[in-house]
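structure for this input, please:
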Amino acid sequence: MKLGIRMVCLTAIAFSVSTASPAKGKIEAGESLSAFGENREVYHNPVIAYSAPDPTCIRVADGTYYLYGTEDTRNMPIYKSDDLVHWTFVGTVFTEATRPAFPPEVTDKPASLWAPEIRYVKGKYVLFYSLARWGEEWLSTVGYAIADKPEGPFTPKGYVFSSRDVNVQNSIDQFFWEEDGKYYMLWGSFSGLYIIELNVSDDLTITPKLETKQKIAGNAYEGVNLWKRGGYYYLFASRGSCCEGIRSTYTTVVGRSKSLFGPYVNKAGKPMLENGDELLLHGTEDNSFRGTGHNSILQEDDAHQTWMLYHAYYKPREDGNDGRSVSLDRVDWVDGWPVMGRGVPSTSAEVPVINHK
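Numbering: from 1, shown residues only. All right, here's what the predicted structure looks like:
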């Protein structure tokens, strides 16, 4: 779920420093930088110290990374970075004049804009998003907009489907996948995760092939995400409560499959259709990070290391919701499975390897 809130500046400021460090990898939450023993550049989480939930990220041809988030900044924020660590606010995806609405056949009520998903398709930047209203799950609709440049301006193009079109309650948190000349959408939020093949025309008219819809995971999940490595598809998802500040129970989990259409299973072979998964990332015992989830598609640095951008509450207040900032951590691969340090956000870690232009 993607409850919209005001943009809030958090208490931490993301920065990168040169300090002592012999170790490769993370300084885990609660550890001191004094554990490091030789000069090595590190960064501190969160890397975006503003509320930008449900991040999606793309690296464009010149090497720049662009990140988009659910609209705690109205009309959806855009950030850019040369190194995955230092992020600059660029603007918003839409203006009040270009802001999309629900299809008229769905409702005339105003929509919130949640869970963007950015891709470069047929020479254009395509941003998918969920049009939604909290608690009115059968209104949920996936729309999309196109632009010539990653910073926009984005122009609404149309709708992929609504909840009633695909008969799936709470059809949000869409994820776009392209493989072997075919296009797919994965989506869902606590009413099952699904996959469907898409028709994508040269003018970027996108429609679902309804007869291809298939359920791939149970009702415990939302924030679906996919990565392919070593002959396996890895299905990342979030489970638990996303949006309750210090009381949030959101965690990031994963299963894998040899087939895009599943079955996705955990290490013991229990299917994600039966809510079996492997826990990958969770909040810290001291509550410095809570509600860790809804990651972007993994990003590779120039050393081919994989990195995860995700949202979390950083040092949430007991008395209220202080925003889901964006953190970054490396994803390592051990025995064919992703691993993230001790399974909690790092306080600091070595910076990604980026060959600056």
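
can you list the buried residues in stretch 51-64?
51-59 (16 or more other CB atoms under 10 Å). C-betas here are computed from N, CA, C, even on glycine.

now do the strands in the stretch 101-250 of the chain.
Remark: strands assigned in the stretch 101-250 of the chain by DSSP state E, counting those that start in this stretch are 112-121, 124-132, 141-147, 155-162, 175-179, 182-187, 193-200, 206-208, 214-217, 222-229, 232-239.

touching the shortest one from outside, list them.
Strand 206-208 is contacted by residues 144, 157-158, 160-161, 165-166, 183, 185, 196-200 when judged by CB atoms under 8 Å, 6 or more residues apart in numbering.

partner strands of it and their direction?
strand 193-200 (antiparallel) (DSSP bridges).

can I get the strand it pairs with as CSV, trimmed to CA atoms?
The C-alpha trace of strand 193-200 is given here as CSV (Å, rounded to 0.1, in the frame of the first residue of the first chain):
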residue,chain,number,x,y,z
LEU,A,193,0.7,-11.4,-7.4
TYR,A,194,0.0,-11.9,-11.1
ILE,A,195,1.8,-11.8,-14.4
ILE,A,196,0.3,-11.0,-17.8
GLU,A,197,1.7,-10.6,-21.3
LEU,A,198,1.3,-7.2,-23.0
ASN,A,199,0.8,-5.9,-26.5
VAL,A,200,3.1,-3.0,-27.1
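
now it: mean pLDDT?
On average, the pLDDT along strand 193-200 is 98.

over to stretch 276-295?
Mean predicted confidence for stretch 276-295 is 97.

same thing with stretch 233-249?
Taken as a whole, stretch 233-249 has an average pLDDT of 96.

okay, how far is it across it, tip to tip?
With CA to CA, to the nearest Å as the measure, the ends of stretch 233-249 fall 26 Å from one another.

neighbours of Gly341, how many?
Neighbours of Gly341 under the rule other CB atoms under 10 Å: 18.

I'd like the strands of the stretch 101-250 of the chain written out as CSV, with distance to Val106 added.
Listed next are the strands of the stretch 101-250 of the chain as CSV, based on distance: least, CB to CB, whole Å:
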stretch, distance to Val106
strand 112-121, 14
strand 124-132, 8
strand 141-147, 6
strand 155-162, 5
strand 175-179, 21
strand 182-187, 16
strand 193-200, 18
strand 206-208, 15
strand 214-217, 23
strand 222-229, 20
strand 232-239, 25
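
please report how far the nearest residue to Thr251 once chain neighbours are set aside lies from Pro77.
Of all residues not flanking Thr251 in the chain, His282 sits nearest, at 4.4 Å (CB to CB, 6 or more residues apart in numbering). Note on His282: its distance to Pro77, by CB to CB, to the nearest Å, is 26 Å.

again with Arg324
Counting by CB to CB, the gap from Arg324 to Pro77 is 12 Å.

any residues in contact with both of those two?
In contact with both Arg324 and Pro77: Ala52, using CB under 8 Å, 6+ apart.

among the two, which residue is more densely surrounded?
Set Arg324 next to Pro77 and count neighbours by other CB under 10 Å: Arg324 wins out with 37 against 24.

got a pLDDT number for the more buried one?
So Arg324 comes in at 97 (pLDDT).

am I right that it is in contact with His311?
Yes: counting by CB atoms under 8 Å, His311 is a contact partner of Arg324 at 4.0 Å.

what is in contact with these two at once?
52-53, 291.

distance to Ala220 added to these, as a markdown table?
Below are the shared contacts of Arg324 and His311 laid out as a markdown table (distance: CB to CB, whole Å):
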| residue | distance to Ala220 |
| --- | --- |
| Ala52 | 25 |
| Pro53 | 19 |
| Gly291 | 16 |
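
now, which of these lie within strands?
Among the shared contacts of Arg324 and His311, the ones falling in strands (DSSP state E) are Gly291.

could you find the closest non-adjacent residue to Ile195?
What sits nearest to Ile195 in space, not counting adjacent residues and going by CB to CB, 6+ apart, is Leu186, at 4.9 Å.

ok, now Leu260?
Tyr233 (5.5 Å).

ditto for Tyr65
Closest to Tyr65 by CB to CB, 6+ apart is Ser81, at 4.7 Å.

before we move on, what about Pro263?
Spatial nearest neighbour of Pro263, excluding adjacent residues (CB to CB, 6+ apart): Pro271 at 4.8 Å.

report how many residues lie close to the one you found.
18.

so it touches Tyr264, yeah?
Yes: applying CB under 8 Å as the test, Pro271 and Tyr264 come out as touching, 6.7 Å apart.

identify the contacts common to the two.
Common contacts of Pro271 and Tyr264 (CB under 8 Å, 6+ apart): Gly255.

name the element the nearest residue to Asp302 once chain neighbours are set aside belongs to?
In space, and not counting its chain neighbours, Asp302 is closest to Asn355: 4.5 Å by CB to CB, 6+ apart. Counting by DSSP states H and E, there is no helix or strand that carries Asn355.

kindly report the same for Tyr66.
Using DSSP H and E, Tyr66 sits within strand 65-68.

pairing partners for that strand, with directions?
The strands beside strand 65-68 in its sheet (DSSP bridges) come out as strand 56-59 (antiparallel), strand 77-81 (antiparallel).

quick check: buried residues in the helix or strand that the last one is followed by?
From strand 77-81 onward toward the C-terminus, using DSSP H and E, the following helix or strand is strand 88-92. Using 16+ other CB under 10 Å as the test for burial, strand 88-92 gives 90, 92.

stretch 226-243 now?
Within stretch 226-243, the residues scored as buried using 16+ other CB under 10 Å are 226-227, 232-240, 242-243.
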